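[1] All I have is the shape, not the residue letters:
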């Protein structure tokens, strides 16, 4: 009988650190997911504003080629206009891709933040004075 009690006590002592670490892992996983989706959101925002810059440069190059049309040869104007058009299209495509990534990251961060929210309501309806809600 003594051996079983000692065995159970030792088992409890050795199992306690593992049980505590197992309880912390979902919290760390949840925080890691928020960090990951926040990075995705920031990356999408960066891609979007990079696309805005490319679009502005492409517009400037295209308009600049048309402004100096009479002082240059037709071939150099066409080359500059084509380069401006390519930059303009690349900027628009980059803005579209950045918008998708930015929205997806924001949506996932908001979803994860809402999933662990607890709200305390005062007088939510006439029959209740207090209520506590946990979303999961």
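    Happy to help now that I have it. What you are looking at is a predicted structure, and each value in this text was computed from that prediction instead of being measured.
[2] give me the low-pLDDT residue ranges for the protein?
    Scanning the chain for pLDDT under 70 picks out 10-29, 68-77, 115-136.
[3] all strands of the protein, in order?
    Using DSSP state E, the strands of the chain run over 118-122, 130-134.
[4] pretty sure residue 105 contacts residue 38?
    Yes: shown here, residue 105 and residue 38 form a contact pair, counting by CB atoms under 8 Å, at 7.0 Å. Glycine gets a C-beta too; all of them are placed from N, C-alpha and C.
[5] Who has more neighbours out of those two?
    residue 105 (20 against 15; other CB atoms under 10 Å).
[6] distance of that one from residue 37?
    5 Å (CB to CB, to the nearest Å).
[7] Likewise for residue 50?
    Relative to residue 37, residue 50 is positioned 20 Å away (CB to CB).
[8] what do you get for residue 98?
    Distance check for residue 98 against residue 37: by CB to CB, it reads 16 Å.
[9] before we move on, the earlier item: higher neighbour count, residue 50 and residue 37?
    The neighbour count for residue 50 versus residue 37, taken as other CB under 10 Å, is higher for residue 37 (20 against 15).
[10] The more buried one reaches residue 108, doesn't it?
    Yes: with contacts counted by CB under 8 Å, residue 37 reaches residue 108, the gap being 4.2 Å.
[11] Skipping adjacent residues, who's closest to residue 113 in space?
    Leaving out its chain neighbours, the residue that sits closest to residue 113 by CB to CB, 6 or more residues apart in numbering is residue 34, at 7.3 Å.
[12] thought the one you found was touching residue 114?
    No: Residue 34 lies out of contact with residue 114 (CB under 8 Å); the separation is 11.7 Å.
[13] higher neighbour count, these two?
    Set side by side, residue 34 and residue 114 show more neighbours around residue 34, with 15 against 10, by other CB under 10 Å.
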